[in-house]
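S.K.: attaching a predicted model along with its sequence, questions to come.
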Amino acid sequence: MMNSKYQNKNQIVYKKIRDSIISGEFEPGSRIVIDTLALELNVSHSPIRECLRLLEAEGFVTIRPFAGVTVTDLEPELIIEVFELLESLEIITSCRASTCATPEQFDNLTSIINDMEEYISSPNRWSAKNFEFHMAICEYANMTITKNMMHRALLHWDRLRRYYLQVVSSQRISQAQLEHRELLKAMRSGDPQCITDVIQRHNKAALNDYLEYVRVTQKVDL
């Protein structure tokens, strides 16, 4: 069994590599050199290899024998996959939370949305609060496995947003705020069909905007 010091070291290394991939510091398709990382992070090769295996399982890197480690490419088609995954997870957790959440927890979701108003002109900070909002819904739904899946899906979405979609994402923030309030209203009603309709309508509108942007800027017909 790992001691706490070893666990903490691995956690630090894992988060450093993962955050560098999500932020674009490690670009899609670029090679990750273990020797270089070991020097930069002042650790041995072992924790880096272990963290890279975990990141491969999560879809962030690709490890090929005799070819090394590369950052997973971001194909435009991934937008559709991530959206479909997020929509499914949002419906499951929002419907469950609508029946499980306490009045205080609903009030906290309202507070998070209110706080997000301060960051409408700051997409990265708004997105961080958006992450918090959706993870709070998972927490109140008491769905541990689904919460872990949502966390990973949101990380992949953040990577896509930063790489492809910064412009359209910032343009959609005001509309997204209205949609979040509509979702919270539906959750308070406890009507699963209403919740599902709100989420599907929101995701369809957002996905169409993002795909149109990719079609124009990347010359790709999805």
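M.R.: Arrived safely, thanks for sending.

S.K.: domains of this structure?
M.R.: Segmentation of the chain into domains, based on automatic domain parsing, reads 4-71, 78-218.

S.K.: winner for burial among those domains?
M.R.: domain 78-218 (a mean of 17; mean count of other CB atoms under 10 Å). Glycine gets a C-beta too; all of them are placed from N, C-alpha and C.

S.K.: contacts only, for Pro65.
M.R.: By CB atoms under 8 Å, 6 or more residues apart in numbering, the contact set of Pro65 is empty.

S.K.: circling back: I'd like the domains of the chain as TSV, with mean pLDDT appended.
M.R.: Formatted as TSV, the domains of the chain follow (pLDDT from 0 to 100):
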stretch	mean pLDDT
domain 4-71	89
domain 78-218	94
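
S.K.: how about the helices in this structure?
M.R.: Using DSSP state H, the helices of the chain run over 4-23, 34-41, 45-57, 78-100, 103-116, 123-141, 144-164, 166-189, 192-218.

S.K.: what does the first one rub up against?
M.R.: Helix 4-23 has contacts (CB under 8 Å, 6+ apart) with 2, 26, 32, 37, 41, 43, 47-48, 50-52, 54-55, 60-61, 71, 155, 158-159, 162.

S.K.: next, the angle helix 45-57 makes with it.
M.R.: 50 degrees (axes from the mean of the first three to the mean of the last three CA atoms, to 10 degrees).

S.K.: alpha carbons of helix 4-23, as PDB, please.
M.R.: Provided in PDB are the C-alpha atoms of helix 4-23 (Å, rounded to 0.1, in the frame of the first residue of the first chain):
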ATOM      1  CA  SER A   4       0.400   9.200   2.200                       C
ATOM      2  CA  LYS A   5       3.500  11.000   0.900                       C
ATOM      3  CA  TYR A   6       3.700   8.800  -2.200                       C
ATOM      4  CA  GLN A   7       0.000   9.300  -2.800                       C
ATOM      5  CA  ASN A   8       0.300  13.100  -2.500                       C
ATOM      6  CA  LYS A   9       3.200  13.100  -4.900                       C
ATOM      7  CA  ASN A  10       1.200  11.100  -7.500                       C
ATOM      8  CA  GLN A  11      -1.800  13.400  -7.100                       C
ATOM      9  CA  ILE A  12       0.400  16.500  -7.700                       C
ATOM     10  CA  VAL A  13       2.000  15.000 -10.800                       C
ATOM     11  CA  TYR A  14      -1.300  13.700 -12.100                       C
ATOM     12  CA  LYS A  15      -3.000  17.100 -11.700                       C
ATOM     13  CA  LYS A  16      -0.100  19.000 -13.200                       C
ATOM     14  CA  ILE A  17       0.000  16.900 -16.400                       C
ATOM     15  CA  ARG A  18      -3.800  16.800 -16.700                       C
ATOM     16  CA  ASP A  19      -4.200  20.600 -16.200                       C
ATOM     17  CA  SER A  20      -1.500  21.200 -18.700                       C
ATOM     18  CA  ILE A  21      -3.300  19.100 -21.300                       C
ATOM     19  CA  ILE A  22      -6.700  20.800 -20.600                       C
ATOM     20  CA  SER A  23      -5.200  24.300 -20.700                       C
END
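
S.K.: quick one, it and helix 34-41 angle?
M.R.: 110 degrees.

S.K.: what do you get for the third one?
M.R.: Using the same axes, to 10 degrees, the interaxial angle of helix 45-57 with respect to helix 34-41 works out to 110 degrees.

S.K.: and helix 45-57, what other elements does it pack with?
M.R.: helix 4-23, helix 34-41, strand 61-64 (3 or more CB pairs under 8 Å, 6 or more residues apart in numbering; DSSP states H and E).
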